[in-house]
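Asks: fold the stuff below for me.
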Amino acid sequence: MKKLTVAAFIMASIGFTGAASAKLMDSKEESLVKVCQALTSDKPIRLKRSMKKAGVTFKQVEEGLVCNGKSAINFALLHDANKTADLVARRTNQDLDALIAKL
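Replies: Alright, predicted model coming up:
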C-alpha cells in the first residue's frame, strides 16, 4: 500500500510539473511576442521595458528572436520602426546601413 501511495505521489508531481511547465512556456512566449510588438512601435522605451519583462538582452533578441520569420532588426525596419532598429543595431555593434542595404 505504501509503494502505491509513493507511486501515485510521484505520478501526480510529474503531471503537475508538466502543467506548470506548459504554463511557464506560454507566458514566456507571450512576453517574447510583446518584444516583437515593441520592435514595431518605434518607441525605444517600450522595447526596453518589454525586454526587461521578458528577461532578455539585446544580444539575445538579435541572435535568437524571430518575429514573423525575420530577425529583430529586419522586422523593425520592415515596419518603419527606425528608432528601435537603430537601438538594437547600436547595442549589438552592428552597422544599420549595411543591414538596410541587404534588404
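Asks: just checking, next helix/strand downstream of the helix or strand of the chain with the lowest mean pLDDT?
Replies: For the chain, the helix or strand with the lowest mean confidence is helix 2-41, at a mean of 65 (criterion: mean pLDDT, DSSP states H and E). Later in the chain than helix 2-41, the nearest helix or strand by DSSP states H and E is helix 44-54.
Asks: what is that following helix packed up against?
Replies: Helix 44-54 is packed against helix 2-41, helix 82-91, with contacts defined by 3 or more C-beta pairs under 8 Å, 6 or more residues apart in numbering; DSSP states H and E. Glycine gets a C-beta too; all of them are placed from N, C-alpha and C.
Asks: with adjacent residues omitted, what lies nearest to Ala76?
Replies: Ala85 (3.8 Å; C-beta to C-beta, 6 or more residues apart in numbering).
Asks: contacting residues around the one you found?
Replies: Neighbour list for Ala85: 39, 73, 76-77, 96, 99 [criterion: C-beta atoms under 8 Å, 6 or more residues apart in numbering].
Asks: nearest to Phe58, of these?
Replies: Closest approach to Phe58 among the contacts of Ala85 (C-beta to C-beta): Ile73, at 10.4 Å.
Asks: neighbours around that closest one, how many?
Replies: Ile73 is flanked by 24 other residues according to other C-beta atoms under 10 Å.
Asks: can you say which helix or strand has it in it?
Replies: If you go by DSSP H and E, Ile73 is part of helix 72-78.
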